[in-house]
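# Using only what follows, build the 3D model:
(one chain, ligands or ions: 1)
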Amino acid sequence: MNIVAILGSPHGLKGNTGKVLDALIAAAKGRGADVTLFPLAELKVEPCRACDTCHKTGKCPTRDDFNTIKEAMLAADGVVLASPNYIFSVSGQMKCLFDRCCGPLHLQAMEGKYGAAVVTSGGKESAEVERYILRFLGAMGCWTVGSMGCEAWKLADPAASGPVLDAAAALGTRLVEAIEAKATYPDQLAERRAFYERMKALVTMRKAEWTYEFDRWQALGRL
Ligand SMILES: Cc1cc2nc3c(=O)[nH]c(=O)nc-3n(C[C@H](O)[C@H](O)[C@H](O)COP(=O)(O)O)c2cc1C
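So this is what the prediction gives:
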């Protein structure tokens, strides 16, 4: 079982988000998963230039680490996305990755995979960022197994940090168990189907320009 963990904090594993993600990864490894960590702070993922090349050819012309991360995501059974809350959203590093995933999103390329989200915040505002990350994962085609948020101060308080790290470990275990069980989530079906149909309509409408994507949808027998 392969899990990809992507860390969007500029502070890497030593930061708040990294500490929580580390506990999740340890639990997933303890349950037998191979986990590959991509710390975006040490990698280069530039913003999307909206050139549409990925839609036409399946390849992004920007030469940086995105392609390696994308290939790992598409080969994985599960993906964990971890980000600090930056002004009610994910970090810029993580948002660049999301935007660069526009091609795979059109292709619903993560269909059948599993996703989870981790967020840390200075205050009590993790939930909306967790929802945003889960929405991204769902739009990519993943089943989402859950998310967790944490107020930063708790990680510096020995009494408060234990339950946080336990929750992270539980989320890692839940992800592994969902992959093992090939779990499905009926409550996510309506939104997933609606987005799938939207992507199908979009790719069909733009078939003259976005030839790669239209051909892929056809080759997969979806059209
Ligand atoms: C640019 C920036 C924006 C932030 N915006 C918010 C915010 O909107 N809400 C909040 O609760 N915390 C906010 N914070 C605090 C971080 O989310 C918090 O410190 C987080 O735990 C940092 O994680 P890290 O150590 O992994 O980078 C912000 C921090 C920075 C640097």
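# Relative to the whole chain's centre, how far out is the helix with the most length in the chain?
Criterion DSSP state H: the longest helix present in the chain is helix 158-181. Centroid displacement of helix 158-181 relative to its chain, using Cα atoms, centre = their mean, to the nearest Å, is 17 Å.
# Which positions within that helix qualify as buried?
In terms of neighbour count (16 or more other Cβ atoms under 10 Å), helix 158-181 has its buried residues at 161, 164-165, 167-169, 171-176, 178-179. Using the backbone N, CA and C atoms, a C-beta is placed for each residue, glycine as well.
# nearest to the ligand, of those?
Closest approach between the buried residues of helix 158-181 and the ligand, by Cβ to the nearest ligand atom: Val164, at 11.3 Å.
# I figured the closest one hits Ala152, correct?
No: the pair Val164 / Ala152 is not scored as a contact, 10.2 Å apart, by Cβ atoms under 8 Å.
# returning to what we had before: what packs against the next helix-or-strand element following the longest helix of the chain?
Downstream of helix 158-181, the next assigned helix or strand under DSSP states H and E is helix 186-205. If you count contacts as 3 or more Cβ pairs under 8 Å, 6 or more residues apart in numbering; DSSP states H and E, helix 186-205 packs onto helix 102-106, helix 126-139, helix 211-219.
# Residue numbers of this structure in contact with the ligand?
Residues of the chain lying near the ligand by Cβ under 6 Å from any ligand atom: 9, 11, 15-18, 84-88, 120-123, 125, 152.
# Let's see that with 8 Å instead.
By the rule Cβ under 8 Å from any ligand atom, the part of the chain lying against the ligand is 7, 9-11, 14-19, 84-89, 91, 119-126, 150-152, 155.
# could you flag which of these are buried?
7, 9-10, 15-19, 84-86, 91, 119-121, 126, 150-152, 155.
# which ones among those are found in helices?
Among these, the ones falling in helices (DSSP H) are Asn16, Thr17, Gly18, Lys19, Ser126, Ala152, Leu155.
# what's near enough to touch the third one?
It stands for Gly18. By Cβ atoms under 8 Å, 6 or more residues apart in numbering, the contact set of Gly18 is Leu7, Ser9, His11, Gly12, Pro39, Ala82.
# Which residues are in contact with the residue positioned nearest the centre of the chain?
Nearest residue to the geometric centre of the chain (Cα atoms, centre = their mean): Leu81, 4.4 Å. Neighbour list for Leu81: Ile6, Gly8, Val90, Met94, Gly115, Ala116, Ala117, Val118, Ile133, Phe136, Leu137 [criterion: Cβ under 8 Å, 6+ apart].
# out of those, who's nearest the ligand?
Here the nearest of the contacts of Leu81 to the ligand, counting by Cβ to the nearest ligand atom, is Gly8; it sits at 8.3 Å.
# Look up phi and psi at that closest one.
phi -90, psi 10 (degrees, to the nearest 10).
# so what's it closest to, chain neighbours aside?
Met94 (3.2 Å; Cβ to Cβ, 6 or more residues apart in numbering).
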